[in-house]
Each structure stands twice: as C-alpha cells, then as structure tokens.
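**Student:** Any chance you can model this:
(one chain, ligands or ions: 1)
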Amino acid sequence: MKALCLLVVVVLFSSSLAAPGHQKGFIPKSGKEWTPESLVNPDELGEFFEGDIMLPLPPRGKNGLLDERYRWTNGVVNYEFSSEFSSSQIAVVRGAMDDYESMTGGCITFVERSSESNYITFTQDDSRGCFSSVGMRGGSQQINYPQWCLDTYGSVLHEMLHALGFYHEQSRWDRDDYVTIMWENIEAGHEHNFDKYSDTVIGGFGENYDYGSVMHYSAYAFSDNGQKTIVTVDPNADIGQRDGLSQVDLNKLLNMYNC
Ligand SMILES: [Zn+2]
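**Tutor:** Next up, the predicted model:
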C-alpha cells in the first residue's frame, strides 16, 4: 500500500511538472508571452543580437569592453526618459540607478541630462524587446524597457550593465571550460547568440568565469525544443539569475572604471 501511494504521488508530481502552456517550465518566444514562471529571462527574448544587444557592436570587446573610448567619462552616465514612462516606471529605473551608485560607492553616477551630448534615452516600446547598446557609443543611445522587462529587476540592471560596457558572461573565451553549449537544441538562426570571443577582445577584468553573473544566459535561452541550450560543467551551478549583480559583476565594474 505504501509503495502504491508513493507511486501515485510520483505520477502526480511528474505530470504537474510536464503541464503545458504558461505553467512553470514554459519557454516563451517573445517578451509579451513572458511570465515570472518562464524558464528564460525577459532580456533573452529580443530579436536583437544575442537577444538584447543593439548593433553595431563596438569594434573591440566582449564580456568587458577593453577599449576605453566606450566608457562613460568619469563614470558619469547621462540619461533622459522618453515621454511614455509613468511615474511608477520611472521610479523602478531610478531605483536601479541609485543601486548602481550605492554599490559602487558613488564611482558610477547617473545624472539627468541637460546639454550633454552623450546620453542614454530610456524608451518603452512594447513591440520590441528589452535591449541596450554596449558601452558609451557617442550621441544618443537607447535602453528599451517594456513593462515586462521592468517587472524583472535583474533585467533592468542587466541592460544598464550592457550600457556601462559589458557583454554576456557566456561569450567569454574560456566558457567551454565551464559550460557546454547544446547546439542541437538552439532555435535555428539564433546560433550566433552563443558565439564566444578571444581574450584579445574580451576583458575578464581580473575575475574568473562567473556562473552567478546577472549577464549569464539562463539554461533554456533560445531553446527550440524545451531542452537546455546551456549545461554547466559543475552540476550544482545555477545560471541565469536576474536578482541583482553578483559580487564578480560588481568587481569587474569597479575594475573597469578604476573605482
Ligand atoms: Zn543582455
């Protein structure tokens, strides 16, 4: 009898895991289908390069941009909001900017633009993904925060970290020592999102590969078949967190800006 009960429990449990639709385990194809239970992050759903990176790329650089021309002068990031932001949405973005300032001890600051010529415009186009350029590009550059992106605080921070000069963690030259890319599970046409780059163009900024980076893709990013696209070499490692910067993310940022 005990064995039968256990069997029933196991069957019920596994069928709940396999539930279709927008249940836990769902892999949406666009940001509008994203829910907090989705297996991927909102910033992995754009149609942009690597999901959320605005082209063109700077001529050099992956995970941390080595070229100092793309850094914000003295760590000061100028910005403006487009008119479609509500006050509560502005509060979310401002909260993230405040967090960067306090995390870096004031080394990185965000200042509302007056006449500066290099600045971020925060936009909110729901028909496009969350996205950002990488580094300071010169002139106006965009970070797009649709509501479903604002709903995930780590994705708000993630896009800002792109703008400050960082790419995705799994682009590092040494990533194959830490993760296995499951090419057969990747949606056709999205394989380039899993390119890696040599250490002549990527800076590690003194840090080793970081499974816990807010810039790491989740295990199911760009999956076409519900199977993982990234398997960690360390079986106990979790990837794709979007709660906040890891200590390693912060260390690299402090190092990049000579804080
Ligand atoms: Zn990204």
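
**Student:** Helix or strand with the lowest mean pLDDT in the chain?
**Tutor:** Among the helices and strands of the chain, helix 2-17 carries the lowest confidence by mean pLDDT, DSSP states H and E, at a mean of 43.

**Student:** Count the neighbours of the nearest residue to residue 254 once chain neighbours are set aside for me.
**Tutor:** Spatial nearest neighbour of residue 254, excluding adjacent residues (Cβ to Cβ, 6 or more residues apart in numbering): residue 104 at 6.2 Å. The C-beta positions use only the backbone N, C-alpha and C, and glycine is treated the same way. Close neighbours of residue 104, defined as other Cβ atoms under 10 Å, add up to 18.

**Student:** Return the nearest residue of the stretch 1-150 of the chain with respect to the ion.
**Tutor:** Closest contact between the stretch 1-150 of the chain and the ion, by Cβ to the ion, is at residue 52 (4.1 Å).

**Student:** From what I see, that residue and residue 128 are in contact.
**Tutor:** No: with contact defined as Cβ atoms under 8 Å, residue 52 does not reach residue 128; the gap is 9.8 Å.

**Student:** shared neighbours, those two?
**Tutor:** Common neighbours of residue 52 and residue 128, counting by Cβ atoms under 8 Å, 6 or more residues apart in numbering, are residue 46.

**Student:** which stretches of the stretch 101-250 of the chain have low pLDDT?
**Tutor:** Applying pLDDT under 70 to the stretch 101-250 of the chain flags the ranges 200-202.

**Student:** residue ranges of the helices in it, please?
**Tutor:** Applying DSSP state H, counting those that start in this stretch to the stretch 101-250 of the chain gives helices spanning 147-150, 153-164, 247-256.

**Student:** where exactly do the strands run in the stretch 101-250 of the chain?
**Tutor:** Using DSSP state E, counting those that start in this stretch, the strands assigned to the stretch 101-250 of the chain run over residues 109-112, 119-123, 131-132, 140-144, 179-181, 202-203, 230-232.
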